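A.B. asks: coords please:
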Amino acid sequence: MKAEDIGAKIDFLVSAWCSRKELVPLRHILNGAASINGLTDGWAALLEALQTIRAQCKERITEQELDAVIELQHEMNHYVYR
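C.D. replies: Numbering: from 1, shown residues only. Just a heads-up that it's a prediction; the model follows:
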């Protein structure tokens, strides 16, 4: 997955959660996305945010959003542990 695809998925999630005022998953994704610095630790922070969303926010997000979180999580695993 290209960096712009990752950005597009993050934008999709942020937009959806902003429009519904889902502040808990939004807080996690913004914190993780703000940590991206091009280094492994930045990607790891995003991975941790995605894991938290998946574990703690399932009832707050749609199935499509959960699929995007899982896809991003798999991609971040690749970036962090390659």
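
A.B. asks: since we're on Pro25, how many residues are nearby?
C.D. replies: Here the number of neighbours of Pro25 (other C-beta atoms under 10 Å) works out to 26. For the C-beta atoms, the positions are set from N, CA and C on the backbone; glycine is no exception.

A.B. asks: tell me the strands in this protein, going along the chain?
C.D. replies: Using DSSP state E, the strands of the chain do not appear at all; there are none.

A.B. asks: Would you map the helices across it?
C.D. replies: Counting by DSSP state H, the segments of the chain that form helices are 3-20, 23-34, 40-56, 63-81.

A.B. asks: I'd like those helices laid out as a markdown table, including mean pLDDT.
C.D. replies: Formatted as a markdown table, the helices of the chain follow (pLDDT from 0 to 100):
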| stretch | mean pLDDT |
| --- | --- |
| helix 3-20 | 94 |
| helix 23-34 | 96 |
| helix 40-56 | 95 |
| helix 63-81 | 94 |
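
A.B. asks: give the contact list for His28.
C.D. replies: Contacts for His28 (C-beta atoms under 8 Å, 6 or more residues apart in numbering) come out as 49-50, 52-53, 57.

A.B. asks: In PyMOL, how would I select the buried members of these?
C.D. replies: Those of those that count as buried under 16 or more other C-beta atoms under 10 Å are selected in PyMOL with:
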select buried, resi 49+50+52+53+57
